[in-house]
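A.B. asks: Quick one: sequence plus predicted model below, questions after.
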Amino acid sequence: MLRLLERSITLQLLVFYCLFLLPLLLGGVELYLFQRNALQQNATRADLSLAQAVALDVESIIGPAINIDTTLSYSQEAKRLDRQQLAAAFSLAALSQPSSNLYAVCDVSGNLLLVSPESQAHNLSESQLCRHFLPSVQTNGSLISISRISLNSGGSLVVLARRISDDRGKVVGTMLVTLQLEQLAARLLSMEKQWNTSGELRTWVVDREGHPIVQPGQGPFAADSRVSLPGVKEALQGRQGSLIAQESNRDWLYSYMPVSLDGGYWAVVIQRPTDSTFATVVSFRNSLGIALFMVLIGASFFWFAMHGGVVAPLKKLAQAVIMIKPDQEAKVMDGKLLVRERERIDEIGQVIAAFSAMEDEVHDLFRKSDATSQARLYTLDAIMHSMNEGLLLEAPDGHIIYANQRFTQFVGLSPNDLLPPIFDEHKAQDALLSLIEDPDVYQQAVYAAETRSGPDVIEFYVRGYHNPIGQYIPVRRAVRLRVFQVRDQADALIGRGKVFQDVTRTNEAELIKKNLLAIVSHELRTPLTSIKGYATSLLETDVEMESAIQEDFLRGIVIETDRMAELVTSLLDMSQIEAGTLKLSSGLYPLDVLIKHALPEQEREKVRIRLPVKPSLIDVDGKRIEMVLRNLLQNARRYAGADALIEIVVRYEQEDGEVKGGLYLSVIDNGAGIPADLTERIFERFYQVDSGRRRSSSGVGLGLAICRGFIEAHGGRIWAENRADGATGAAFHIWLPPRVLYPPDAQPDTFALLNIL
């Protein structure tokens with residue numbers, strides 16, 4: 001929920017809106033409850049005060065009458081029913097209690113015995129008042145008449161009746177005292193006028209038996225029944241308070257107050273409708289509700305205005321910003337999403353204008369960055385394709401994501417084979433594994449390197465490879481694989497790289513470097529030993545040698561010295577060829593002269609030479625071409641044997657389709673031939689055939705390598721193969737380009753030719 005709130009400004013403003021309104025509403029409710037309670041308490045206190053005032057009036061008016069009735073009923077005059085003394089007592093009582101204007105005594109039979117004043121005797125007899133109270137004279141308290149009794153005075157009065165008992169407790173009569181209520185009624189009417197503004201104030205006075213002495217709308221003595229008002233029961237038990245009850249579908253506030261009279265409690269009840277009693281509360285509630293409603297309306301209007309004018313444009317702007325892509329052509333800020341917002345001149349419009357300018361800048365920077373990235377990508381791709389090593393880039397899960405041109409060429413794939421949508425990494429893996437001599441060992445070693453549990457440099461051998469034109473060359477090659485990890489700036493693994501390097505020549509160079517000293521030492525030791533032996537023998541003074549023997553020894557020294565010079569010359573020529581510093585001294589030479597001079601005189605009869613009728617002159621370095629011919633002839637004699645037949649064939653070819661024009665020279669023997677897999681290796685440095693072809697003399701294995709270097713320096717080519725005419729033997733072929741050929745009648749370079757001869 002908090003994450004959702006953090007992502008939406010609408011929810012945030014809504015929360016702030018609620019946080020603003022909620023305390024306001026709670027404060028209004030709290031204020032209403034506080035004021036309502038205060039006003040209700042004030043109204044209740046006022047009604048209780050009114051009830052208390054009525055109770056005091058009732059007590060002050062009815063209390064003395066009850067006391068007089070009690071005093072008279074317990075007097076000795078009443079016990080003896082002494083009329084004369086009772087009349088005197090009545091006169092004194094009338095003076096002390098003006099509101100009690102009638103006193104009477106009845107016997108136990110209900111007959112009137114005495115009345116004061118006597119003028120009311122006739123009316124009292126006719127009212128049968130004595131007989132009315134006769135059944136209830138056994139009670140101890142005063143009895144209150146529950147009927148309106150209209151005397152001649154026309155006023156309303158209450159008759160108080162109490163039994164008269166003699167000293168032995170025998171009931172002998174009833175003491176009656178009447179009480180006029182005009183004073184009480186006037187007081188109540190005055191209070192009602194003062195307190196009752198709506199005309200609905202009701203005042204009840206109830207005696208301890210539950211009979212109403214005063215009830216609303218009818219004045220005193222309105223009914224002869226008991227009343228059942230809320231609060232009467234509590235007041236008759238001596239408690240005061242207020243309560244709200246419903247009558248005629250209206251709520252009324254009843255405030256009750258007890259009145260202590262005649263050893264018990266009477267009740268005063270003030271009844272008012274709550275809608276008028278609490279009119280101030282209702283008015284305050286309505287006013288507060290209207291105020292809160294107006295605040296709510298204003299806040300809602302502010303919220304909708306804020307949402308429509310600020311939040312909604314910001315949401316649209318956020319959507320537009322999210323839609324901005326550096327490589328898209330159409331501007332998002334100029335689209336339909338922000339049509340109205342773009343026309344605003346306030347801060348929202350300024351922000352949109354700023355984002356529009358930023359979008360233009362982003363597009364411009366992207367175009368520049370894209371151009372730079374493309375240039376860097378092309379440069380990097382060119383560097384990758386120009387590498388002599390094969391390169392594979394893999395994802396962390398092992399999928400191939402890039403292969404350079406050298407790798408695809410080596411395994412025999414087209415560069416397009418590893419480009420989408422025809423990219424097939426299994427094809428590349430299968431092509432590589434098909435060339436490896438031991439794929440299982442290779443995969444185990446690669447897995448160990450990838451998991452960092454083994455060396456990250458691995459060497460393995462392949463059966464062959466593919467040349468730049470896609471031809472498969474079945475020549476064993478040594479390949480060195482280096483596995484490395486590709487990590488980002490946070491050092492997280494994002495891929496692996498594999499570099500494949502053909503180290504065949506490197507390994508051979510290392511091997512040559514290791515064996516060179518041994519080979520050279522061996523080749524030098526033999527002539528040096530012979531020279532030392534010859535020289536030692538010649539220096540012996542105690543031995544006389546014939547001149548012929550001495551000449552043989554000296555000739556041997558010369559021969560061995562020539563062998564050493566030839567070895568040193570071969571090493572110097574090879575170093576110049578490898579360093580690319582070989583310089584040719586070209587001149588026009590007759591080809592037949594060069595061939596004949598390359599042949600020793602003693603072997604010319606054993607070599608068959610086939611030349612064109614008119615051999616051409618050739619523009620070459622005659623000394624080095626002669627050395628090539630001599631090396632080829634010595635090689636043929638060395639491996640084919642002293643009695644072998646050697647043939648030199650020269651022909652000229654014109655350019656015709658696949659046949660290249662130029663000079664073709666072949667040296668053919670009838671020896672054992674050359675193994676098919678060694679036709680290329682015999683031209684490598686320090687390589688000598690140890691099997692298949694016999695060796696009749698020693699050598700360091702530089703002759704054919706030097707021949708290739710000299711021929712290629714002239715722009716030609718030299719290669720070897722077995723004879724194709726069905727006979728055994730080897731054939732070494734030389735091709736020189738047409739540019740070295742000159743007509744037979746051209747003038748040869750006599751000085752250069754003399755140097756050779």
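C.D. replies: Done, it's in.
A.B. asks: okay, CA-based contacts and neighbour counts for the rest of this
C.D. replies: Noted.
A.B. asks: these two touch, right, A672 and G729?
C.D. replies: Yes - the pair A672 and G729 passes the contact test of CA atoms under 8 Å, sitting 5.2 Å apart.
A.B. asks: Which neighbours do the two have in common?
C.D. replies: A640 (CA atoms under 8 Å, 6 or more residues apart in numbering).
A.B. asks: Break down the stretch 301-450 of the chain into its helices, ranges please.
C.D. replies: Assigned by DSSP state H, counting those that start in this stretch, the helices in the stretch 301-450 of the chain fall at 312-323, 339-342, 347-386, 405-411, 425-435, 439-450.
A.B. asks: A672 and G729: which is more packed in?
C.D. replies: Neighbours per residue (other CA atoms under 10 Å) separate A672 from G729, with G729 holding more: 24 against 17.
A.B. asks: Looking at the more buried one now. What's its pLDDT?
C.D. replies: G729 is assigned 89 on the pLDDT scale.
A.B. asks: Return the distance of it relative to W719.
C.D. replies: 14 Å (CA to CA, to the nearest Å).
A.B. asks: what sits against the residue nearest to G464 when sequence neighbours are not counted?
C.D. replies: Distance criterion CA to CA, 6 or more residues apart in numbering; nearest residue to G464, sequence neighbours excluded, is P474 at 4.2 Å. Contacts for P474 were tallied using CA under 8 Å, 6+ apart; they are 463-465.
A.B. asks: pLDDT weak spots in the stretch 451-600 of the chain?
C.D. replies: Counting by pLDDT under 70, the ranges of the stretch 451-600 of the chain that qualify are 512, 515-520, 522-523, 543.
A.B. asks: just the helices in it please.
C.D. replies: With DSSP H, counting those that start in this stretch as the criterion, the stretch 451-600 of the chain has helices spanning 504-539, 547-579, 591-598.
A.B. asks: Mean neighbour count, the ones you listed: which tops it?
C.D. replies: With neighbours defined as mean count of other CA atoms under 10 Å, those peak in mean count at helix 591-598, which reaches a mean of 18.
A.B. asks: Which strands or helices does that one pack on?
C.D. replies: helix 622-640 (3 or more CA pairs under 8 Å, 6 or more residues apart in numbering; DSSP states H and E).
A.B. asks: Which element is encountered next along the chain beyond the helix it packs on?
C.D. replies: Using DSSP states H and E, the helix or strand that follows helix 622-640 in sequence is strand 646-653.
A.B. asks: helices and strands around that following strand, which ones?
C.D. replies: Counting by 3+ CA pairs under 8 Å, 6+ apart, strand 646-653 packs on strand 607-610, helix 622-640, strand 662-668.
A.B. asks: Quick one: neighbours of I290, just the number.
C.D. replies: I290 is flanked by 12 other residues according to other CA under 10 Å.
A.B. asks: can you tell me the helix or strand for it?
C.D. replies: helix 279-306.
A.B. asks: Also T178?
C.D. replies: T178 belongs to strand 171-180 when assigned by DSSP H and E.
A.B. asks: Go ahead and name everything in contact with that strand.
C.D. replies: Residues contacting strand 171-180 (CA under 8 Å, 6+ apart): 62, 65, 69, 72-73, 79, 99-108, 130, 134, 137-138, 155-166.
A.B. asks: Could you report the distance from the nearest residue to F710 once chain neighbours are set aside to F355?
C.D. replies: Excluding its sequence neighbours, the residue lying closest to F710 (CA to CA, 6+ apart) is R624, at 6.7 Å. Applying CA to CA, the value for R624 to F355 is 78 Å.
A.B. asks: Give me the helix or strand of this protein that scores worst on average pLDDT.
C.D. replies: strand 149-150 (a mean of 36; mean pLDDT, DSSP states H and E).
A.B. asks: Next SSE downstream of that one?
C.D. replies: Next along the chain from strand 149-150, counting by DSSP H and E, comes strand 156-165.
A.B. asks: What mean pLDDT does stretch 743-756 get?
C.D. replies: Per-residue scores along stretch 743-756 average to 58.
A.B. asks: Which one of the helices of the stretch 301-450 of the chain lies nearest to V628?
C.D. replies: helix 405-411 (33.2 Å; CA to CA).
A.B. asks: Quick one: list the elements packing against that closest one.
C.D. replies: Partner elements for helix 405-411 (3+ CA pairs under 8 Å, 6+ apart): helix 347-386, strand 390-394, helix 425-435, strand 465-466.
A.B. asks: Buried residues in that helix, which are they?
C.D. replies: 405-411 (16 or more other CA atoms under 10 Å).
A.B. asks: With stretch 380-392 instead?
C.D. replies: Residues of stretch 380-392 classed as buried by neighbour count (16+ other CA under 10 Å): 384-385, 389-392.
A.B. asks: how about CSV for the helices and strands packed on helix 405-411, with distance to K614 added?
C.D. replies: Formatted as CSV, those follow (distance: least, CA to CA, whole Å):
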stretch, distance to K614
helix 347-386, 48
strand 390-394, 51
helix 425-435, 50
strand 465-466, 43
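A.B. asks: And the ones you listed, which one averages the lowest pLDDT?
C.D. replies: Looking at those, the bottom one is helix 347-386 with a mean of 79.
A.B. asks: domain parsing for the protein?
C.D. replies: Taking automatic domain parsing as the reference, the chain has its domains at 51-277, 282-362, 387-502, 509-576, 583-756.
A.B. asks: mind checking which of the ones you listed is nearest F20?
C.D. replies: Of these, nearest to F20 by CA to CA is domain 282-362, at 8.9 Å.
A.B. asks: How far does the closest one stretch from one end to the other?
C.D. replies: By CA to CA, one end of domain 282-362 lies 66 Å from the other end.
A.B. asks: Tell me how far that domain lies from the chain's centre.
C.D. replies: Using CA atoms, centre = their mean, to the nearest Å, the mean C-alpha position of domain 282-362 is found 27 Å from that of the whole chain.
A.B. asks: Repeat that for stretch 639-655.
C.D. replies: 80 Å.
A.B. asks: which parts of that stretch are buried?
C.D. replies: Within stretch 639-655, the residues scored as buried using 16+ other CA under 10 Å are 639-641, 644-648, 650, 652.
A.B. asks: cool, and stretch 35-54?
C.D. replies: Within stretch 35-54, judged by 16+ other CA under 10 Å, the buried ones are 35-36, 39-40, 43-44, 47-54.
A.B. asks: Also stretch 238-248?
C.D. replies: 238-242, 244-245.
A.B. asks: if I look at Q41, how far off is S119?
C.D. replies: 53 Å.
A.B. asks: Ok, M387 next?
C.D. replies: Noted for M387: a distance of 153 Å to S119, by CA to CA.
A.B. asks: cool, D725 as well?
C.D. replies: 188 Å.
A.B. asks: Show me which of those two is the more surrounded one.
C.D. replies: Taking neighbours as other CA under 10 Å, D725 and S119 compare with S119 leading, 11 against 7.
A.B. asks: can I assume that one sits in a helix?
C.D. replies: Yes - counting by DSSP: H, G, I helix; E, B strand; the rest coil, S119 is found in a helix.
A.B. asks: Got the confidence number for it?
C.D. replies: pLDDT, read off for S119, is 72.
A.B. asks: likewise the one 4 residues further on?
C.D. replies: N123 is assigned 64 on the pLDDT scale.
A.B. asks: Pull the distance from stretch 470-487 to the chain's centre.
C.D. replies: Relative to its parent chain, stretch 470-487 has a centroid offset of 42 Å by CA atoms, centre = their mean.
A.B. asks: what's the answer for stretch 241-249, then?
C.D. replies: Worked out by CA atoms, centre = their mean, stretch 241-249 lies 66 Å from the chain centre.
A.B. asks: ditto for stretch 202-215
C.D. replies: 82 Å.
A.B. asks: Can you name the element that comes right after the longest helix seen in the chain?
C.D. replies: Ranked by residue count and defined by DSSP state H, the top helix of the chain is helix 9-73. Note on helix 9-73: by DSSP H and E, the next helix or strand toward the C-terminus is helix 76-80.
A.B. asks: No further queries at this time; thank you.
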